[in-house]
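A.B. asks: have a look; sequence and predicted model below, questions after that.
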Amino acid sequence: MTDPVLSLKNISKSFGGVPALVHASLEVYPAEVMALVGQNGAGKSTMIKILNGAYARDSGTITFGGVQWTAGSPQQAQRSGISTIFQEINLIGYRSVAENIFLGREPRRGFGLLDWKKMNAEASALLSRFDVRVDVREPLDNFSTAIQQMVAIARAVSFHAKLVIMDEPTSSLDEAEVTVLLRTILQLKADGVA
């Protein structure tokens, strides 16, 4: 059996003396699809925020990619290969689909000008991996919540994610949109992404 891509051991976190996680442990393997299920207040969001660098753990160890690991910030976690997609999609509706995928990392050409052709082509290619074919030049707000989620996933994958965390991804989707999301998750699995 392969080594886990992520291992959390004995993770604890308290807020003002109130424990949110007590000795929580979890292992995730490459290409594994896992659901973290529990009632409100069980610590699911706290664990996600520790993984993505929004919170620091009080104790315990995290191993990611075979090495001891701590995310100092969500940006560092993303650069390291952990991408988190929250229930509230953190994208900019009036910007194009392509701009949202490459936000802050837009391809440039001479004199620092945006390379729109390259950005649009790469955005289309990323989305087509998940069988999503839209005009990436259109504003994100022109599309359904499911497409917006696919854009968030494409953004995550564009960082060469090894682990994609989705926080309640089906909560605002209808049945057909859930089917698209599940197909996308299977594609990530086929690509070796946990």
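C.D. replies: Happy to help now that I have it.
A.B. asks: flag every buried residue along the biggest helix by length in the chain.
C.D. replies: Longest helix in the chain, counting residues (DSSP state H): helix 175-190. Along helix 175-190, these residues count as buried under the neighbour rule (16 or more other C-beta atoms under 10 Å): Glu177, Val180, Leu181, Thr184, Ile185, Leu188. Any C-beta I mention is one placed from the backbone N, CA and C, and that applies to glycine too.
A.B. asks: and for stretch 72-89?
C.D. replies: Residues of stretch 72-89 classed as buried: Pro74, Ala77, Gln78, Ser80, Gly81, Ile82, Ser83, Thr84, Ile85, Phe86, Ile89 (neighbour count, 16+ other C-beta under 10 Å).
A.B. asks: tell me the one of the residues you listed nearest Leu103?
C.D. replies: Leu103 has its nearest neighbour among the buried residues of stretch 72-89 in Gln78, at 11.6 Å by C-beta to C-beta.
A.B. asks: and the closest one, that's in a strand?
C.D. replies: No - read with DSSP: H, G, I helix; E, B strand; the rest coil, Gln78 is helix and lies in no strand.
A.B. asks: look up phi and psi at the closest residue to it other than its chain neighbours.
C.D. replies: Of all residues not flanking Gln78 in the chain, Phe159 sits nearest, at 5.2 Å (C-beta to C-beta, 6 or more residues apart in numbering). Backbone geometry at Phe159, expressed as degrees, to the nearest 10, gives phi -90, psi 10.
A.B. asks: just checking, Phe159 touches Arg79?
C.D. replies: Yes - Phe159 sits in contact with Arg79 when judged by C-beta atoms under 8 Å, with a separation of 6.9 Å.
A.B. asks: how long is stretch 63-77 from one end to the other?
C.D. replies: End-to-end distance of stretch 63-77: 13 Å, with C-alpha to C-alpha, to the nearest Å as the criterion.
A.B. asks: now stretch 92-110
C.D. replies: Where stretch 92-110 begins and where it ends lie 26 Å apart, using C-alpha to C-alpha.
A.B. asks: of the buried residues of stretch 72-89, which is the nearest to Gly17?
C.D. replies: Using C-beta to C-beta, the shortest approach to Gly17 within those belongs to Pro74, at 25.8 Å.
A.B. asks: next one: that closest one, what pLDDT does it get?
C.D. replies: Pro74 carries a pLDDT value of 86.
A.B. asks: CSV for the buried residues of stretch 72-89, including distance to Ala152 and secondary structure?
C.D. replies: Formatted as CSV, those follow (distance: C-beta to C-beta, whole Å; DSSP: H, G, I helix; E, B strand; the rest coil):
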residue, distance to Ala152, secondary structure
Pro74, 14, helix
Ala77, 15, helix
Gln78, 12, helix
Ser80, 18, helix
Gly81, 16, coil
Ile82, 14, strand
Ser83, 9, strand
Thr84, 10, strand
Ile85, 5, strand
Phe86, 9, coil
Ile89, 5, coil
